[in-house]
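S.K.: Next comes the sequence, and after it the predicted model I'd like to discuss.
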Protein chains: 2
Amino acid sequence: MSKLKGKLLVAQGGGPTAVINQSLAGVALEARKFTQVERVYGAVHGVEGIVNEDFLDLSRETSHNLECVASSPCSALLSTRVKPDHDYCMRMFEVLKAHDIRYFFYIGGNDSSDTLRIVNAAADDANYELRCVHVPKTIDNDLVENDHTPGFGSAARFVSRAFMGINQDNRALKGVYIGVVMGRHAGFLTASACLAKKYVDDGPHLVYVPERAFSLEQFVTDVERVYAEFGRCVIAVSEGIQDAAGNPIMTTLKDMGADAHGNVQLSGTGALGDLLMDHLKQKTSIQRVRADTFGYLQRSFMGNVSPRDAHEAREVGEKGVQAAMWDNIDGSVVIRRPVLNYGVDYELVPLENVAGKTKHMDPSFINAEGNGVTLAFHNYARPLVGDSFHEAFRLRAPRVPKRS
Amino acid sequence: MSKLKGKLLVAQGGGPTAVINQSLAGVALEARKFTQVERVYGAVHGVEGIVNEDFLDLSRETSHNLECVASSPCSALLSTRVKPDHDYCMRMFEVLKAHDIRYFFYIGGNDSSDTLRIVNAAADDANYELRCVHVPKTIDNDLVENDHTPGFGSAARFVSRAFMGINQDNRALKGVYIGVVMGRHAGFLTASACLAKKYVDDGPHLVYVPERAFSLEQFVTDVERVYAEFGRCVIAVSEGIQDAAGNPIMTTLKDMGADAHGNVQLSGTGALGDLLMDHLKQKTSIQRVRADTFGYLQRSFMGNVSPRDAHEAREVGEKGVQAAMWDNIDGSVVIRRPVLNYGVDYELVPLENVAGKTKHMDPSFINAEGNGVTLAFHNYARPLVGDSFHEAFRLRAPRVPKRS
């Protein structure tokens, strides 16, 4: 049991998810149970809120409102894309010390876990006793060590619900449909479009992920084959697809600018979808080609939470607090799936195991042609979108014999 | 009571909606109760299914599966964009006569109601007794005579759920967000983004509809004003916005092609959002500008049905059958709102009252500046998205005093 008395600070970083506030509530409510924690503070806009000394006193928030906030999508403490350098960390320490903050919980992805690793190292250098715990979240599902990450299941639920409807729409008014899905380096979210399939001719018929080199020529060949078979074609494609040289297909079109982490803007534009649509219109005789880019709806859409995802997002917050208090250790909370049927365990691993690293889809999840997913991926992803999942129905009435 | 014995044919035309199969089930199940109706047929792909003599025998569909299909989005009989000319109608009659079809129900929008008007006129010319009933649907909500149309409430629910989440996302990571919403001539769906607002600084902060001329210069001025006040800006814009000369802003950018009705392709591309995003990046100093185009998800997203919309979509189908059977008349089913608090009545009006006409937003629904909606629109639209609507929650914890 930790004997370290002081305040606990929680912050949220990077892209919001549908369940990131479950983790916030998990930390804040669990922390109230430990007498070592004198106050629970929340930093506004992640590390920016620390250097700006902009804290909310979450000890004075009602548990009822924390539960309401837990069910609302998108970082309630607000977020940041800032990646602290050494000087930035030093400024953070001045503030942490001034407020006697001894527990620092950062809910975020691999950029955020790297931030936390730097802060923790700086704490050691400054001889300031500080427990640092990374609580995972990312819709991309690209954190190493984790079987999957909170936020992914709900985003996958959105993507598969979208493709379920799109598949019906595309049957009704035939043509080619391209849906562009988030995922810079990892294709998990795009691949989850496959959960929309029910009937044998259901889309998505083609799935393209960043893990495999994308060729415009092969794309045209694939689409023409599916179109010849079904008279239509539904395609799921990752925003982050790359050519054989590793250049994002998007950047072959236009310069989109980059953020402080050096990440090129792939989201918040329809450019990739339009590029692929225009290419098909030029290279094939198919008349009706449409492209949608699902954009920020994937991580924020109201009322689209996987119950299982919400449950796990809550638990990683709680588990992080318990590890810091009972075991008195730093680290990153990770999710394991130790059983054949669905179930999870949580564990704390060293921050550097997760920080700045990217998990990719296992090769067994992608088909040999690189344009679809395998049953192994179905089995992996299906539990994550939760029970009470949606299902589309078709008419099964017999055809009437012709009379003319 | 109609004494006309024969088969009843039902078809679905135009863009699918989330509740269009409720109307199909309403027609099919209600028709089973009348002995005049010897069989209920469904035409596959709308009028195309008639000339191709491609019918399903819906009398041999289980009522249980019809209920399942009713809850699934997108025309289960499949749809068409074909607009029949006189010759096309003559071919339709050969088939209708061959199958002794005496009741023709077409579920669709203003293009479909016009199709039905032509078919009905051709029936009169051919001295063939045929009851023609138009059952309304359109997510655009642009059918005249109707207070609102089935399909709109669910699409409005999608748009407002999207903006609820986007508003949270945009608070967390500040910047400018542009959401492009369907609506070629009428701004109802875009305007329904306003239902996302709860807190005073919530987005959407600006709403642009086709009913008012759109100026890129005024757009920049509006965005800069909002950004100066809130440090962020969420914008809802119709795909169909036009300049003062009536040209779609989209077509100032690129040639998108047109369908058989002469409609230019506005959906299934991110071009308008990207145009507006690029313009803001060029004309302002705002760093983070993002644009999403909601696309086909608005009419097809799985599990996004307004309960009230589903209820009314079912009833317009039933009411159409009852009018044809009990009152022995042709016409278009319309929805009235005769009471101050919410409630509807249905009525049959002549087909030509609705055919080919477009309803626009009442001027009282749009603010003086042409960049937002009024409380009158809120009151009009709020009941249509249904009860059990979503609500976002914020933290209300007090700020911690600074120490450094």
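M.R.: Good, I have the coordinates. Note that the coordinates shown come from a computational prediction; the quantities given were computed from them, not determined experimentally.

S.K.: Number of residues surrounding A:Ala381?
M.R.: 24 (other C-beta atoms under 10 Å in any protein chain shown). C-beta: built from backbone N, CA, C; applies to glycine.

S.K.: Secondary structure of it: a helix, I assume?
M.R.: Yes. Under DSSP: H, G, I helix; E, B strand; the rest coil, A:Ala381 sits within a helix.

S.K.: so where do the strands sit in the stretch 101-250 of chain A?
M.R.: A:101-108, A:131-136, A:176-181, A:206-208, A:233-238 (DSSP state E, counting those that start in this stretch).

S.K.: any idea of the mean pLDDT for the third one?
M.R.: Throughout strand A:176-181, pLDDT has a mean value of 97.

S.K.: Let's have the strands of the stretch 101-250 of chain A in CSV, adding mean neighbour count.
M.R.: Below are the strands of the stretch 101-250 of chain A laid out as CSV (neighbours: other C-beta atoms under 10 Å in any protein chain shown):
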stretch, mean neighbour count
strand A:101-108, 27
strand A:131-136, 28
strand A:176-181, 28
strand A:206-208, 26
strand A:233-238, 28
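
S.K.: Just checking stretch A:44-60 against chain B, any contact.
M.R.: Yes. Counting by C-beta under 8 Å from any C-beta of the partner chain, chain B is contacted by stretch A:44-60 at A:53-60.

S.K.: So which residues make contact with that stretch?
M.R.: The contact list for stretch A:44-60, computed with C-beta atoms under 8 Å, 6 or more residues apart in numbering or on different chains, reads A:9-14, A:28, A:32, A:39-43, A:66, A:77-80, A:82, A:84, A:88, A:91-92, A:95-96, A:98-99, A:106, A:108, A:112, A:115, A:119, B:395, B:397-400, B:402-404.

S.K.: Leaving out chain neighbours, which residue sits closest to the closest residue to chain B within the stretch 201-350 of chain A?
M.R.: The stretch 201-350 of chain A approaches chain B most closely through A:Gly270 (1.2 Å), counting by C-beta to the nearest C-beta. Leaving aside its chain neighbours, A:Gly270 sits nearest to B:Gly270 (1.2 Å; criterion: C-beta to C-beta, 6 or more residues apart in numbering or on different chains).

S.K.: Same check on A:Glu94?
M.R.: B:Ser404 (6.2 Å).

S.K.: give me every residue that touches that neighbour.
M.R.: B:Ser404 neighbours (C-beta under 8 Å, 6+ apart): A:53, A:94-95, A:98.

S.K.: Could you work out the most separated pair of these?
M.R.: Spatial extent of the contacts of B:Ser404 (C-beta to C-beta) is set by the pair A:Glu53 and A:Glu94 at 9.1 Å.

S.K.: Could you check which of the two has the larger neighbour count?
M.R.: Neighbours were counted for A:Glu53 and for A:Glu94 using other C-beta under 10 Å; A:Glu53 has more, 20 against 15.

S.K.: Distance check, the residue lying closest to A:Phe230 once chain neighbours are set aside against A:Pro73.
M.R.: Distance criterion C-beta to C-beta, 6+ apart; nearest residue to A:Phe230, sequence neighbours excluded, is A:Asp201 at 5.5 Å. In this view, A:Asp201 and A:Pro73 are 34 Å apart by C-beta to C-beta, to the nearest Å.

S.K.: same deal with A:Gly273?
M.R.: In terms of C-beta to C-beta, A:Gly273 sits 24 Å off from A:Pro73.

S.K.: what about A:Phe34, neighbour count?
M.R.: Neighbours of A:Phe34 (other C-beta under 10 Å): 18.

S.K.: What values do phi and psi take at it?
M.R.: Backbone geometry at A:Phe34, expressed as degrees, to the nearest 10, gives phi -110, psi 130.

S.K.: if we can go back for a sec, export the strands of the stretch 101-250 of chain A to CSV and tack on distance to B:Ile329?
M.R.: Converted to CSV, those look like this (distance: least, C-beta to C-beta, whole Å):
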stretch, distance to B:Ile329
strand A:101-108, 63
strand A:131-136, 64
strand A:176-181, 40
strand A:206-208, 49
strand A:233-238, 42
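
S.K.: so can I have TSV of these showing distance to chain B?
M.R.: Formatted as TSV, these follow (distance: least, C-beta to the nearest C-beta, whole Å):
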stretch	distance to chain B
strand A:101-108	11
strand A:131-136	16
strand A:176-181	7
strand A:206-208	17
strand A:233-238	11
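
S.K.: Mind exporting the C-alpha coordinates of stretch A:353-369 to PDB?
M.R.: Extracted as PDB, the C-alpha positions of stretch A:353-369 are listed here (Å, rounded to 0.1, in the frame of the first residue of the first chain):
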ATOM      1  CA  ASN A 353       6.900  -0.800 -23.100                       C
ATOM      2  CA  VAL A 354       4.000   1.100 -24.600                       C
ATOM      3  CA  ALA A 355       5.300   4.600 -25.100                       C
ATOM      4  CA  GLY A 356       5.600   5.700 -28.700                       C
ATOM      5  CA  LYS A 357       5.100   2.200 -30.200                       C
ATOM      6  CA  THR A 358       2.500   1.200 -32.700                       C
ATOM      7  CA  LYS A 359       0.700  -2.200 -32.900                       C
ATOM      8  CA  HIS A 360      -0.300  -3.400 -36.300                       C
ATOM      9  CA  MET A 361      -2.900  -6.000 -37.400                       C
ATOM     10  CA  ASP A 362      -1.700  -9.500 -37.100                       C
ATOM     11  CA  PRO A 363      -1.000 -11.000 -40.500                       C
ATOM     12  CA  SER A 364      -3.400 -13.800 -39.800                       C
ATOM     13  CA  PHE A 365      -6.200 -11.100 -39.700                       C
ATOM     14  CA  ILE A 366      -5.700 -10.100 -43.400                       C
ATOM     15  CA  ASN A 367      -6.500 -12.300 -46.400                       C
ATOM     16  CA  ALA A 368      -3.800 -13.400 -48.900                       C
ATOM     17  CA  GLU A 369      -4.900 -10.900 -51.500                       C
END
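
S.K.: ok, and for that stretch, which residues are buried?
M.R.: Buried residues in stretch A:353-369, counted by 16 or more other C-beta atoms under 10 Å in any protein chain shown: A:354-355, A:359-361, A:365-366.

S.K.: which among those gets closest to chain B?
M.R.: The closest of the buried residues of stretch A:353-369, once distances to chain B are taken by C-beta to the nearest C-beta, is A:Ala355, at 21.1 Å.

S.K.: and that closest one, what is it in contact with?
M.R.: A:110, A:113-114, A:116-117, A:134, A:332.

S.K.: Surely A:Lys283 touches A:Val220?
M.R.: Yes. Using C-beta atoms under 8 Å, A:Lys283 makes contact with A:Val220 at a distance of 4.8 Å.

S.K.: Return every residue with contacts to both of the two.
M.R.: With C-beta under 8 Å, 6+ apart as the test, A:Lys283 and A:Val220 reach no residue in common.
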